[in-house]
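Enquirer: Need coordinates for the following:
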Amino acid sequence: MKKIKNNFIFFGAVHQDYVFELKNDLIKYRTNPVKHKESYGGVAHNVARMISNHEKVSFFSLMTDKETINYLKRYKIDFIPLNKKIEKRYYGILLNKYKKFELGIANTDAYEEFSKLTNLKFLNKYIVLDLNFSEKFIQSVVNQNYKKNHIIICGTSLFKIHKVQKIIKKINYLILNKEELYSLSKIRNIKKSILKIINLNPYINIIVSDADKKTYGYEAPNFISFKPPKIKAVNENGAGDVMTGTYIYYKSKDYKMNTALSLAVAAGTLYAKSKNRKINLNYKYIKKINNNIIYKSEKLK
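Expert: Next up, the predicted model:
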């Protein structure tokens, strides 16, 4: 394997996202007219796209077609295939006529079924993993690299978050939403769930999104929250990944948690209220919304 110079290395999904927006109220058991959009998706891909706005990144995933590889190259994402055969995979999302999420469907078994383990050792890198690959593969990447790199896990799905249970002590950053946190901790309370995790790994940096209500951050000894401004959301799909990518990038540049998370929440908010998925999310743009975010120092106990 060639030597990787990029600071960020991703392992995870890149595939087509199909977005179907209902034109009318949903009528069950009948054909419903929709508006249709296609774009590239996958949690790791979405986060990589955010960071590639600032610097070139490396991306390990299943083999894909030339069109996708060229697309990634245009956005400074160096694609490295883990296999030779192109495997079909995709994600579909149904929005109601108000652009609110109704249903997501995923055909991502190809990631789960990939089990080839290989030598993937790095040094002083930010290694970002979504949870689409098998638990065995994820554990292999983490176990080879946690001592000399920064390990970052993106929650991905409440059906996949169990994959971090055996490696929780080896993770530097865990970024997930409220339901993923509850699924991992088996406790339906944000503060108690975070407390359970930091009892297992006192050095972990946890970020938990509660949608448009609050986003929480823990990094010893600080526990904080940010409440985003009220907006009319028109583009919720992917806003969490925008927040994740922004946070990871600024933390890698030695920003303190409160500053990095404030910018991340601002970026997610700006993305959610914009009709344009290619909106500029550089520092000076997100800083404008940053001033409208409410900061609070929280207590865990």
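
Enquirer: Could you measure from Phe11 over to Asn145?
Expert: As judged by Cβ to Cβ, to the nearest Å, Phe11 and Asn145 stand 10 Å apart. Quick note: C-beta positions are derived from backbone N, CA and C, even for glycine.

Enquirer: joint contacts of the two?
Expert: Common neighbours of Phe11 and Asn145, using Cβ atoms under 8 Å, 6 or more residues apart in numbering, are Ile127.

Enquirer: Which one of those two is surrounded by more residues?
Expert: Phe11 (22 against 19; other Cβ atoms under 10 Å).

Enquirer: now that one, which residues is it bridged with?
Expert: For Phe11, the beta-bridge partners are Phe60, Leu129 (DSSP bridges).

Enquirer: Surely it and Phe60 touch.
Expert: Yes - using Cβ atoms under 8 Å, Phe11 is in contact with Phe60, at 4.8 Å.

Enquirer: Contacts only, for the residue lying closest to Ser134 once chain neighbours are set aside.
Expert: Among residues not flanking Ser134 along the chain, Glu112 sits closest, at 5.3 Å (Cβ to Cβ, 6 or more residues apart in numbering). By Cβ under 8 Å, 6+ apart, the contact set of Glu112 is Asn132, Phe133, Ser134.

Enquirer: cool, and Leu270?
Expert: Contacts of Leu270 (Cβ under 8 Å, 6+ apart): Ile279, Leu281, Tyr285, Ile286, Ile289.

Enquirer: Output these in TSV, with secondary structure appended to each entry.
Expert: Below are these laid out as TSV (DSSP: H, G, I helix; E, B strand; the rest coil):
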residue	secondary structure
Ile279	coil
Leu281	coil
Tyr285	helix
Ile286	helix
Ile289	helix
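
Enquirer: Note down every partner strand of whatever helix or strand Phe223 lives in and its orientation.
Expert: Phe223 is part of strand 222-227, with elements assigned from DSSP states H and E. Each strand paired with strand 222-227, and its direction, by DSSP bridges: strand 214-219 (antiparallel), strand 294-297 (antiparallel).

Enquirer: Return the alpha-carbon coordinates of the helix or strand just after that strand using PDB.
Expert: Next helix or strand after strand 222-227 toward the C-terminus (DSSP H and E): helix 239-252. What follows is helix 239-252, C-alpha atoms only, in PDB (Å, rounded to 0.1, in the frame of the first residue of the first chain):
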ATOM      1  CA  ALA A 239     -26.900  18.400   8.300                       C
ATOM      2  CA  GLY A 240     -25.600  16.100  11.100                       C
ATOM      3  CA  ASP A 241     -22.700  15.000   8.900                       C
ATOM      4  CA  VAL A 242     -21.900  18.700   8.100                       C
ATOM      5  CA  MET A 243     -21.800  19.400  11.800                       C
ATOM      6  CA  THR A 244     -19.500  16.300  12.400                       C
ATOM      7  CA  GLY A 245     -17.100  17.300   9.600                       C
ATOM      8  CA  THR A 246     -16.800  20.900  10.800                       C
ATOM      9  CA  TYR A 247     -16.200  19.800  14.400                       C
ATOM     10  CA  ILE A 248     -13.500  17.300  13.500                       C
ATOM     11  CA  TYR A 249     -11.700  19.700  11.200                       C
ATOM     12  CA  TYR A 250     -11.500  22.500  13.800                       C
ATOM     13  CA  LYS A 251     -10.500  20.200  16.600                       C
ATOM     14  CA  SER A 252      -7.700  18.900  14.400                       C
END
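
Enquirer: List of residues touching helix 239-252?
Expert: So helix 239-252 is contacted by 7-8, 43, 46-51, 54, 126, 128, 150, 152, 154, 173, 175, 177, 205, 207, 209, 215, 233, 257, 259-261, 263-265, 267-269, 271-272, 281, 286 (Cβ under 8 Å, 6+ apart).
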